[in-house]
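# Could you work out the structure for the sequence below:
(one chain, ligands or ions: 2)
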Amino acid sequence: MLVSGDEATGMESVFDNPERSSTMGYFPFFMDIKGKKGLIVGGGEIAAHKVEKLLPFEASLTVIAPTILRELVENPVLSCIERAFQDEDVEGKMFVIAATDDQCLNAHVAELCRAKNIFINVVDDKKECDFLFPAMVKKGKLTVGVSTEGASPQAAAMLRRQIEQEMPDKIEEILEYLSQLREIARNEIPDAGERARFLKKAAVECMENAQNTPPKND
Ligand SMILES: C[C@@]1(CC(=O)O)C2=NC(=C\c3[nH]c(c(CCC(=O)O)c3CC(=O)O)Cc3[nH]c(c(CC(=O)O)c3CCC(=O)O)/C=C3\N/C(=C\2)[C@@H](CCC(=O)O)[C@]3(C)CC(=O)O)/[C@H]1CCC(=O)O
Ligand SMILES: NC(=O)c1ccc[n+]([C@@H]2O[C@H](COP(=O)([O-])OP(=O)(O)OC[C@H]3O[C@@H](n4cnc5c(N)ncnc54)[C@H](O)[C@@H]3O)[C@@H](O)[C@H]2O)c1
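Numbers count the residues shown, from 1 in each chain. Ligands and ions are numbered 1, 2, ... in the order given. This is a model prediction of the structure:
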């Protein structure tokens with residue numbers, strides 16, 4: 001239940017304060033971008049970093065800049081175009097990352113995208129961003145993203161390192177096993193309550209014995 005003005009807790013609700021709620025607009029959707037068209041304007045170090053983060057998620061990426069780093073040009077999954085940005089380049093894209101060293105150009109790309117409802121990330125100005133890159137851990141089916149709404153990318157990176165250190169070594173295998181077990185339980189345990197108890201017990205056992213191999217399923 002949503003409690004506004006919150007008499008129950010004595011705390012102010014975000015709904016009472018539009019200014020506060022407007023700073024809390026970054027919902028962490030975990031979105032399937034496989035095959036979706038993304039454009040990176042700029043081909044330097046930061047563009048390469050953003051591309052590297054996106055690659056495991058298999059978006060269809062185009063990079064446009066007069067000078068593009070070799071590592072990007074030589075990557076066969078990328079479409080690299082070595083020339084200056086033109087306004088038409090944003091057409092048909094689901095998301096755009098403005099990563100040039102020209103702040104005016106980055107702001108111009110953002111304005112174009114907003115007019116066309118294309119999601120935009122601007123690497124030199126958080127105010128222009130519709131979406132942010134989180135500090136991220138990706139291990140198999142597990143993705144953890146940490147964001148500070150741009151307050152401190154360094155703090156986000158520090159928390160990411162802490163999470164990485166505390167994560168069970170075998171998390172990838174554990175999630176593979178639990179995923180398969182869930183499929184089997186869906187077919188073999190028709191009662192929803194019984195199925196939920198069974199899967200919860202399996203998850204608790206796996207996570208508590210995280211350093212051990214998951215039990216054989218037969
Ligand atoms: C988390 C991470 C993800 C990633 O990029 O992978 C990330 N930045 C990282 C590192 C980093 N960034 C910068 C430095 C140099 C130190 C410094 O100058 O401050 C370092 C440190 C380093 O490189 O070690 C400079 C910087 N960054 C932004 C601006 C502009 C501005 O704030 O307006 C400027 C000033 C540029 C300038 O003026 O030149 C903006 C953004 N950076 C974001 C993400 C988004 C907010 C994330 C959040 O919610 O906190 C946001 C808003 C947009 C975006 O990029 O999506 C990654 C750590 C990953 C990891 O280690 O796991
Ligand atoms: N968000 C972050 O995490 C973060 C971190 C550090 C720096 N930055 C910002 O990122 C910006 C880019 O940094 P970099 O190290 O990649 O710079 P860089 O100099 O390595 O690369 C700049 C790129 O912009 C391209 N470019 C210039 N004019 C262009 C045009 N008209 N059309 C298309 N592309 C054009 C250049 O060809 C080049 O490929 C910096 O200015 C800095 O403000 C962001």
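
# Quick check, pLDDT for the residue lying closest to residue 149 once chain neighbours are set aside.
Of all residues not flanking residue 149 in the chain, residue 26 sits nearest, at 5.8 Å (CB to CB, 6 or more residues apart in numbering). C-betas here are computed from N, CA, C, even on glycine. Here, the pLDDT recorded for residue 26 equals 92.

# What is the burial count for residue 26?
Neighbours of residue 26 under the rule other CB atoms under 10 Å: 15.

# looking at it, residue 199 is touching residue 183, isn't it?
No. Residue 199 is not in contact with residue 183 according to CB atoms under 8 Å; the separation is 10.9 Å.

# how is the chain carved up into domains?
Domain assignment for the chain by automatic domain parsing gives 37-133, 134-160, 171-208.

# for the first one, how far is the first residue from the last?
So that's domain 37-133. From its first residue to its last, domain 37-133 covers 17 Å (CA to CA, to the nearest Å).

# Same question for the second one.
Using CA to CA, the end-to-end distance of domain 134-160 comes out at 9 Å.

# For that domain, buried residues please.
Buried residues in domain 134-160, defined by neighbour count with 16 or more other CB atoms under 10 Å: 134, 135, 136, 137, 139, 146, 147, 148, 153, 156, 159, 160.

# how about the nearest residue to residue 174, chain neighbours excluded?
The shortest distance from residue 174 to any non-neighbouring residue, by CB to CB, 6+ apart, is to residue 206 (4.7 Å).

# Which parts of the one helix or strand that neighbour maps to count as buried, going by neighbours?
Residue 206 is located in helix 192-208, with elements delineated by DSSP states H and E. In terms of neighbour count (16+ other CB under 10 Å), helix 192-208 has its buried residues at 198, 199, 202, 206.

# for the second one, what are its contacts?
Read that as residue 199. 178, 181, 182, 185 (CB atoms under 8 Å, 6 or more residues apart in numbering).

# Go ahead and confirm the residue nearest to residue 149 touches residue 147.
Yes. Using CB under 8 Å, residue 26 is in contact with residue 147, at 6.2 Å.
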